[in-house]
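A.B. asks: Here is a sequence together with a model predicted from it:
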2 protein chains.
Amino acid sequence: MSPRRQDPLSTEYILLGLAAKGPVHGYDLHKQLGTLDGLSAIWRVKQSQVYALLDKLENMGYLHGEAVPGTAAVLRKQYHLNDAGQRAFDAWMNSPVQHPRQVRQEFLARLYFAQQSGVQVTRQLIDAQYAACQSWQKSIQDALEHNDEPQNFQRVVDAYRLSQINAILDWLDQCRTTLLP
Amino acid sequence: MSPRRQDPLSTEYILLGLAAKGPVHGYDLHKQLGTLDGLSAIWRVKQSQVYALLDKLENMGYLHGEAVPGTAAVLRKQYHLNDAGQRAFDAWMNSPVQHPRQVRQEFLARLYFAQQSGVQVTRQLIDAQYAACQSWQKSIQDALEHNDEPQNFQRVVDAYRLSQINAILDWLDQCRTTLLP
DNA sequence: GAATCCATACTCATTAAATGAATATGGGTG
DNA sequence: CACCCATATTCATTTAATGAGTATGGATTC
């Protein structure tokens, strides 16, 4: 996934989410993401990539940037989230990921921001994703029932996928008990 | 993962593996991968990408291509695996994937070719990957023991990862019983 | 029997993302 | 006073992915 992508992935939305808490600039974002911020557990980002993404998000009309004096000699380019950006971020937060492989980065990123917004948002996020997972589970179970050759490669793949989906469901349940009152 | 990659991913090795069974050419590879071949379960590939990858593999010295007459008017470019290519493929087959996220494509691809090579190769592959998974499991369990704040984001991430790893271990066990005598 | 369409087969220009490396400078330190 | 480091950003390069294009012989249709 790289060239010809064009639609923002979790990386872009993570920056929008951080910008939602106040104006940001590239240098500081990179430093935060590399040190304290828990997001480093799911996203390792190079400095030049942060700048490239901020630039892209400005061109997409989600961020507005202006040069302001920082603590260094060079002017700092400070971005703030505008209405379109806020709407895009909200829409992203409210859309469950569509594929198990997206849970690792895309769902965990949403969960990070949900936790910062309180338990109601967190509960909503977990419930919506849980429902999506159940739907995946059902599809795969159907596929497995219509395929009774145990050595068939497609069946082996489906068995793998089902095991991963079931694990996600268990983990989401576990999140409910540890993160929600 | 895209620009600045350079080291072959599973996609390249899949083509090497297919070329190991006899000479191949782009048009036919794409057709096979899109229809009957079980690999379509883990890799959807565009025609132009097949050609680009074959080209790259030739430049890397793993394939040797020559123009031969096919059934159409245009000459067909037929590739066959040379020694370096065979060695690279064998090395790939014998190296367990290093990260849970690689199981979905990279390990399943190896498993596909292992199944075609017989039960001994398959057993060897599964055993080696099982050991690697146990090592991941141990690392994460250690991390979880040194972190007792249940709401900590890093802990939530680790809990997710552990659940996925445990599911892989269970699935590998299941593969042992269904794929091995 | 002419026109049209499809399968075979590959090539190429375009686009986007990731990254390393470069740039500039003020302030602190030995 | 020389040197290094932190701040802060820019840019050219590399690579992958893809859509679209090219060419033509044989089959199909009317």
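C.D. replies: Received, thanks.

A.B. asks: okay, CA-based contacts and neighbour counts for the rest of this
C.D. replies: Will do.

A.B. asks: which residues touch the spatially most central residue of chain A?
C.D. replies: For chain A, the residue nearest the mean C-alpha position is A:Glu106 (2.9 Å; C-alpha atoms, centre = their mean). Going by C-alpha atoms under 8 Å, 6 or more residues apart in numbering or on different chains, A:Glu106 touches A:9-10, A:97.

A.B. asks: least confident pick among these?
C.D. replies: Lowest pLDDT within the contacts of A:Glu106 is found at A:Leu9 (85).

A.B. asks: one step back: for chain B, state which of the contacts of A:Glu106 is nearest.
C.D. replies: A:Leu9 (13.2 Å; C-alpha to the nearest C-alpha).

A.B. asks: Doesn't A:Ile140 belong to a strand?
C.D. replies: No - under the criterion used here (DSSP: H, G, I helix; E, B strand; the rest coil), A:Ile140 is helix, not part of a strand.

A.B. asks: Can you identify each of the strands in chain A by residue range?
C.D. replies: Per DSSP state E, chain A carries strands over the ranges A:24-25, A:63-69, A:75-81.

A.B. asks: need the ones you listed in JSON lines with distance to A:Pro150, can you?
C.D. replies: Shown next, in JSON lines, are the strands of chain A (distance: least, C-alpha to C-alpha, whole Å):
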{"stretch": "strand A:24-25", "distance to A:Pro150": "54"}
{"stretch": "strand A:63-69", "distance to A:Pro150": "52"}
{"stretch": "strand A:75-81", "distance to A:Pro150": "53"}
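
A.B. asks: if we compare those strands, which one ends up closest to chain B?
C.D. replies: strand A:24-25 (22.0 Å).

A.B. asks: Say whether DNA strand D is contacted by the closest one.
C.D. replies: Yes - using C-alpha under 7 Å from any atom of the strand as the criterion, contacts between strand A:24-25 and DNA strand D involve A:His25.

A.B. asks: Relative to the whole chain's centre, how far out is that strand?
C.D. replies: Counting by C-alpha atoms, centre = their mean, to the nearest Å, strand A:24-25 is centred 19 Å from the centre of its parent chain.

A.B. asks: Next to DNA strand C in this structure, residues from chain A, please.
C.D. replies: A:2-8, A:45-49, A:52, A:56, A:72-74.

A.B. asks: From those, which land in helices?
C.D. replies: A:47-49, A:52, A:56 (DSSP state H).

A.B. asks: Take those and lay them out in a markdown table including distance to DNA strand D and pLDDT.
C.D. replies: Output for these, formatted as a markdown table (distance: C-alpha to the nearest atom of the strand, whole Å; pLDDT from 0 to 100):
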| residue | distance to DNA strand D | pLDDT |
| --- | --- | --- |
| A:Gln47 | 6 | 97 |
| A:Ser48 | 4 | 97 |
| A:Gln49 | 7 | 97 |
| A:Ala52 | 7 | 97 |
| A:Lys56 | 11 | 97 |
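
A.B. asks: Now, of these, which are buried?
C.D. replies: A:47, A:56 (16 or more other C-alpha atoms under 10 Å in any protein chain shown).

A.B. asks: returning to what we had before: with the contacts of A:Glu106 in mind, which one is nearest to B:Val24?
C.D. replies: A:Leu9 (35.7 Å; C-alpha to C-alpha).

A.B. asks: buried sites along stretch A:59-74?
C.D. replies: Under the neighbour-count rule (16+ other C-alpha under 10 Å), stretch A:59-74 has A:62-65 buried.

A.B. asks: Between the two ends of it, how far is it?
C.D. replies: Start-to-end span of stretch A:59-74 (C-alpha to C-alpha, to the nearest Å) is 22 Å.

A.B. asks: near DNA strand D at all, that stretch?
C.D. replies: Yes - using C-alpha under 7 Å from any atom of the strand, stretch A:59-74 reaches DNA strand D at A:67, A:69-74.

A.B. asks: Take those residues and write them to TSV, including pLDDT.
C.D. replies: Formatted as TSV, those follow (pLDDT from 0 to 100):
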residue	pLDDT
A:Ala67	96
A:Pro69	93
A:Gly70	88
A:Thr71	91
A:Ala72	89
A:Ala73	86
A:Val74	91
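
A.B. asks: and of those, the nearest to A:Tyr112?
C.D. replies: Using C-alpha to C-alpha, the residues of stretch A:59-74 next to DNA strand D come closest to A:Tyr112 at A:Gly70, 28.4 Å.

A.B. asks: So what pairs up with the nearest residue to that closest one once chain neighbours are set aside in the strands?
C.D. replies: Distances taken as C-alpha to C-alpha, 6 or more residues apart in numbering or on different chains put A:Arg76 closest to A:Gly70, at 5.4 Å, once the chain neighbours are dropped. Beta-bridge partners recorded for A:Arg76 (DSSP bridges): A:Val68.

A.B. asks: same thing with the one 4 residues further on?
C.D. replies: Per DSSP bridges, residues listed as beta-bridge partners of A:His80: A:His64.

A.B. asks: who's in contact with the residue of chain A positioned farthest from its centre?
C.D. replies: Residue farthest from the centre of chain A, counting by C-alpha atoms, centre = their mean, is A:Glu149 at 37.1 Å. Shown in contact with A:Glu149 (C-alpha under 8 Å, 6+ apart): A:Arg155.
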